[in-house]
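Q: From the sequence below, what's the structure:
(4 chains)
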Amino acid sequence: MRQSGRDNGSTVGPHPPPEGAPALSVDNLRAYYLTHYFGVEREVRAVDDISLVVRRNEIYGLAGESSCGKTTFLKTVAAAVRPPLSVIGGSVQYAFLDRDLYALNPAKLSAIRWRRLSYITQGSMNVLNPVRRVRESFIDFAYRHMGLKRRPFFAAVNEHLQRLHLAASVLDAYPHELSGGMKQRVTIALATICRPEFIIADEPTTALDVIVQKDVLAMIREAQQQIGSSMLFVTHDMTVHANIADRLGIMYAGRLVEEAPTADIFANPKHPYTAHLVASLPRIGEQSRKESLSGAPPNLANPPSGCRFHPRCPLAMEVCREASPALTTLAPGRRVACYAASPLVKPSPTAERVAGATHRAERVGLVQ
Amino acid sequence: MAAYALYVLRRSGQFVLVVFVGINIAFFVTHATPIDPITAAIAAATRFSQADPQAVQLTREALRELYGLQGNLWQQYVVFWMRVARADFGPSLSAFPTPVSTLIWRALPWTFGLLSVATLISWGLGNLLGGLAGYYRRNVPLKLVGVVASGLQPIPNYVMAFIVLVLFGYVWPILPITGSSQINLPQGWTLAYFQSVFQHALLPVLSLVLVGTGAWFIGMRALVSNIVTEDYVAYAELGGVDRWRILISYVMRNALLTQVTGLALSLGLIFNGAVITEVVFGYPGLGNLLIRAVYAGDYSLVIGIASTSIIAVAFAALVIDLVLPLLDPRVRVA
Amino acid sequence: MLRILKDLFRYNREFSLGAILILLVVAISLASFLSPYPSGMQYVVPFDAPPSWDHPFGTNSRGQDVFWQLTFAIRNSLLFGTAVALLSRLIAIVVGLTSGYVGGMVDSVLMSINDTFVVFPPFPILVLVYFIFKDHMSWALLAVAMACLGWAYDARLIRSMALSLRTREFTTQSLFSGMSTGQILAEEHLPYVLPIVFATTMNNINWSIGLEVTLSVIGFTNIDTPTIGTMIYWANQHTALVAGVWWWIAFPVGLVIITFVGLYLLSVSMNEYIDPRSRLSGMGGAA
Amino acid sequence: MSGNLLEVERLTKRFAIGGLFGRGRFNAVDDVSFKVDAGQPQILAIIGESGSGKTTLARMILNTLAPTSGAIRFRGQDLLGVRGRKRRLDFMREVQPILQNPYEAFNPLKRVDRYLYASATRLAGAKSQKARDEAVNDALQKVGLSLTEVKGRFPHELSGGQLQRTAIARALISSPALIVADEPVSMVDASLRMSIVNLFGRLRDELRVSILYITHDLATAYYVSDRVIIIQKGKVVETGPAREVLIHPQHPYSVLLKESVLSPDDVGQGAWEGERPRPPSQTA
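A: Numbers count the residues shown, from 1 in each chain, chains lettered A, B, ... in the order given. Predicted structure coming up:
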């Protein structure tokens, strides 16, 4: 395991971990919003007992509808937790760190940001400072990590842009002079300039037009392949996942309900929710009737008992109302949390314990 | 640059409108009301003595010409504008025969000095502290500054000046409380004179700064606590960008534009505060001159000062507005 | 609205402190109706008596009880401030809503005028008004003059709200539900504009009381009407501070500061309640 | 009934642009013409990317924005003539909007049923409370809801799908002939999206309502619509039967648009999917 902290340009240790080794391991992660507003206390369990592994050199897709907790999950693994969100329990372990992410002090955390761990966010977001040129953003984010003098630094930046088919002239532009698609490309270049081990991408193509979307996805894939980093890719759009993710995790109401290689998810979904998501995708050239689920995603402040999907589930059984199914490995690389999917699935011990326990006592300290 | 020229043109048009409306208000308040300033002036002059009716009539005619009150309303209106255009409001009655414009030119630098020094300090200090307080929300000393600022900010300038005057004039008399310099000191480029000017300016500046800093502090803190939720700040924090860099180039830099606009918009109020403070401290600027003119019934001087104030403030706002786009790349290039 | 006020009072420290201060001030002003001495009457009590059991705030050099005089003064000042605020709100709401909802040419013209009034320095203009009217200067005239000078900033604020409300989707929904323009403005939009009108009202009362104090102290108002300003004016005329009659000055100044801070806190807390960002961050919610 | 329900002829909307500096003009909608036949209810998809002018077009058809030039005729009457309260109400009885964001479409401070009852009273002419309840309930039934689910609820108490269906129900109260739906499913969750799209099909088939389905999504347009119009920068580039245009687009822009659409069938064989890379090469 590598030491965290500030490193210079040549970073890979003598024995790079083999492909397929974990790059990020999340265990039993729980993160809740605890709010107290004008006398009303609320607890929203946005991330409720999630365990997953993102492997080296893969793009792990995380899918789910709005307010299923995927953005919250992303904030938690990015150490971007601020009140009212707080991490209640579990661990977040990156391969490049020798300890839990939440055991880092602010200086250590700041040292790994961008160098080891970087982010691509929604294209619609104004993530670039409107009064600074793109060049200055590169300096702000990357200069201190690259360990280069000014001139070689810009040579490296230019080379990086060139590799990603961007003109060097974007460096002199202000963000408002760039189109939405171009801004997103610049952000991708910015996020990959330090060749980080891990990249977190949050709906990076959602606000983009159809034509631009495809190119940006291609660019993300290309950048990821060039530097061989691992990526956690979050979007609600299953079609995007089909085109970029190696493996796919499906979230529903704060829980991970299924996980498998992307092709398997689309070819043979196990969880009824996943099956619905896949079946309801419209395609040009196909007009067979697409059904939709009844009901609506549950309110996370007051989730249903047992399996959180049971009120909408066509396969719901008695047991689904009472016990929450654990995410169970059915075959290598294939996990599902559904009693109907397999007799192997047993109630989730952690989730049940948490449901009734005094979880507030074990709250982990906040970062930042 | 053609775009900027167009902007300058449009903004200058707004300036002309401000001056036009302002001077019209000054005209109609003074000319279109049933009260005749000449009768009032003569009544004041003859209050304690028997006046020869013929002399009164002569005085009346003389004053009428002096005040530009001959002919019908329309002729008076034209005369009024010509006076404004030439910056010539005739001689002052109370300091006869010194022209009103001379008196105003003499007072203007003091007001300008007081106002600009106090504004620069309070704008700078208030924005700096407010920015810090908005960014470091949990910092206890900055929270305390916030409480003090909230207490100071709503106090009107007059009351604040008065409190400062009482504190340093009666309770703890260490600083001069009236005038712009020691009375017997000759004006000139001497150290003693400058020292005296500095000392005399301290209290007026202090009372302006106390209120002004509070106001800018509160505004900036609110502004910054909004800016820190902007995507680019959140992203820079995620990117581990140096915190000081974020504070200065991301947060403060973006707040600056709004605060400069705010400065242009509040110039009227700031000017108000400055002239009022002058009155309290007997500072020889426009405010003091205005009050003295009112007490002395000096018609031309009052009108001259009111008109000058409107034009001066509008002009300052114009200058700030013309500089503003140069600070903002989004409009600079467009 | 009542529920909002109740919530604010219970959970917002600024609001409850502000409300308590203002209630105190209002109580003092209401006490004027119980005054044993009529407001204008002089030489009804001993001169220059320091605060005592009989005269809690002392008496002044004109033979008046400072406390009872103060009750009249604060009542008049509050009434004055409220009158100016209501008048200028009226102008601000009409100009702001019209400008925002009608748009186009009307908007451009109104906002040009608006920007003109924003930069006017009110003090010299008010002094000019006083200079012309002198003894004809009345409470009402001053209120009207100040209202004419104090609406512009807030009109712009209301306009920008009206503009954004007009483009909200629910406005289209209301329109296509067959609601009339009046109904949309009054029932759908006004609830959004009201809190900000309330906040600016507090600020405007502050502004006008402050300006009234200033003008009165210099003697540029009707000095026979007792207000906080004229009280200080008379105290200055009798050189109260030099004479050591500090209570004649200290109590009015103290009370008016309490008023300012109280009104300011009310406006701040209301602004906080309005600001969707602080409300959103307060509610959190899963995303 | 024959003739045209809606006729859009050489419609142009020009906007002035430029903030602080300068002034430019551009045509948000540029010389657009199309017709909707009155005899045959249909779903007409108007497809365009952001900035294509599709929302401007929708606002002009709803008569909330005046065109710069050209004409819109509804049942032969020019919308310019729809002035005054009574005529506007008559127009709204026939033409109703469905908005993009269901969470924004209802005033968060008000109960949602207020809009339903307002429509029942002002548009459907229901006089008594009973008649109003009936009209509202009927419309809600058509979208798979009932009055008891909606009555007295505030917007935040309903899900996005429920809100969008309530909005559709409201639009149906006056039995309109035309519904203008601007991106009606882009903010609705995937699991509920198809219920809205399916509902459009049922409105056309069972209630004989024509729908202008304004969208950027080619796949749902293909799924539900009869005809499509593809617009780029305010101009119509291609129009025709949905199947034909979307399977065999002719105009280069339509071709590009179609090729850019991602398909779930590309899983594991994306165009850029090449050799899986080796661990990172460290040559900078």
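
Q: can we go C-alpha only for contacts and neighbour counts from here?
A: Will do.

Q: Check which helix or strand residue B:19 maps to.
A: Here residue B:19, judged by DSSP states H and E, is contained in helix B:2-31.

Q: Kindly report the same for residue A:80.
A: Using DSSP H and E, residue A:80 sits in no helix or strand.

Q: Disregarding residues adjacent in the polypeptide, which is nearest to whichever residue of the stretch 201-334 of chain B sits closest to chain A?
A: Among the residues of the stretch 201-334 of chain B, residue B:232 lies closest to chain A, at 3.9 Å counting by CA to the nearest CA. Among residues not flanking residue B:232 along the chain, residue A:127 sits closest, at 3.9 Å (CA to CA, 6 or more residues apart in numbering or on different chains).

Q: Let me know how buried the one you found is, in neighbour terms.
A: 21 (other CA atoms under 10 Å in any protein chain shown).

Q: for it, what are its contacts?
A: A:121, B:231-236 (CA atoms under 8 Å, 6 or more residues apart in numbering or on different chains).

Q: before we move on, the earlier item: spell out whether the helix holding residue B:19 and chain D are in contact.
A: Yes - contact of helix B:2-31 with chain D (CA under 8 Å from any CA of the partner chain) involves B:3-4, B:6-7.

Q: what does stretch B:247-262 give?
A: No - legend: contact between stretch B:247-262 and chain D by CA under 8 Å from any CA is lacking; minimum distance shown is 13.1 Å.

Q: buried stuff in that stretch?
A: B:247, B:249-256, B:259-260 (16 or more other CA atoms under 10 Å in any protein chain shown).

Q: any residues touching it, and which ones?
A: A:129-132, B:131-132, B:135, B:220, B:223-224, B:227-228, B:232-233, B:320-321, B:324, B:327-328.

Q: Nearest to residue C:106 among the contacts of residue A:127?
A: Residue C:106 lies nearest to residue B:231 out of these, by CA to CA, at 35.7 Å.

Q: what about whichever strand or helix holds residue A:138, near chain B?
A: Assigned by DSSP H and E, residue A:138 belongs to helix A:134-146. Yes - using CA under 8 Å from any CA, helix A:134-146 reaches chain B at A:140-141.

Q: residues making contact with that helix?
A: Contacts for helix A:134-146 (CA under 8 Å, 6+ apart): A:6-9, A:114-115, A:128-129, A:153, A:170-175, A:190, A:193-194, B:236, B:239-242, B:245.

Q: From residue D:179, how far off is the closest residue to chain B within the stretch 1-150 of chain A?
A: The stretch 1-150 of chain A approaches chain B most closely through residue A:127 (3.9 Å), counting by CA to the nearest CA. Applying CA to CA, to the nearest Å, the value for residue A:127 to residue D:179 is 38 Å.

Q: excluding its backbone neighbours, what's nearest the closest residue to chain B within the stretch 151-287 of chain C?
A: Closest contact between the stretch 151-287 of chain C and chain B, by CA to the nearest CA, is at residue C:210 (5.2 Å). Using CA to CA, 6+ apart and skipping residues adjacent in sequence, the residue nearest residue C:210 is residue B:156, 5.2 Å away.

Q: Quick check: which ranges of chain D have low pLDDT?
A: D:1-2, D:17-24, D:268-284 (pLDDT under 70).

Q: Next to chain C, which bits of it? Give me the list.
A: D:89, D:92, D:96-97, D:99, D:101, D:104-107, D:115-116, D:118-119, D:122-123, D:170-171.

Q: now, which of these lie within strands?
A: D:96-97 (DSSP state E).

Q: filter the residues of chain D next to chain C to the buried ones?
A: D:89, D:92, D:96-97, D:99, D:101, D:104-107, D:115-116, D:118-119, D:122-123, D:170-171.

Q: Could you pick out which of the residues you listed are located in helices?
A: D:89, D:92, D:115-116, D:118, D:170-171 (DSSP state H).

Q: can you redo these as TSV with distance to chain A?
A: TSV is the format used below for these (distance: CA to the nearest CA, whole Å):
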residue	distance to chain A
D:89	34
D:92	31
D:115	22
D:116	22
D:118	27
D:170	20
D:171	22
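
Q: could those go into TSV alongside distance to residue C:17?
A: Formatted as TSV, these follow (distance: CA to CA, whole Å):
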residue	distance to residue C:17
D:89	50
D:92	50
D:115	40
D:116	42
D:118	42
D:170	46
D:171	48
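
Q: and stretch A:245-261, how far out from the chain's middle?
A: With CA atoms, centre = their mean, to the nearest Å as the basis, stretch A:245-261 stands 11 Å off its chain's centre.

Q: what's the span of it, first residue to last?
A: Using CA to CA, one end of stretch A:245-261 lies 8 Å from the other.

Q: got a list of what residue D:155 touches?
A: Residue D:155 touches D:103, D:106-108, D:110-112, D:163, counting by CA under 8 Å, 6+ apart.

Q: Which of these are buried, as a ChimeraX select command?
A: Of the contacts of residue D:155, the buried ones go into a single ChimeraX selection, burial set by 16+ other CA under 10 Å:
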select /D:103,106,107,110,111,112,163
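
Q: What is the neighbour count of the residue of the stretch 201-334 of chain B closest to chain A?
A: Residues near residue B:232, counting by other CA under 10 Å: 20.
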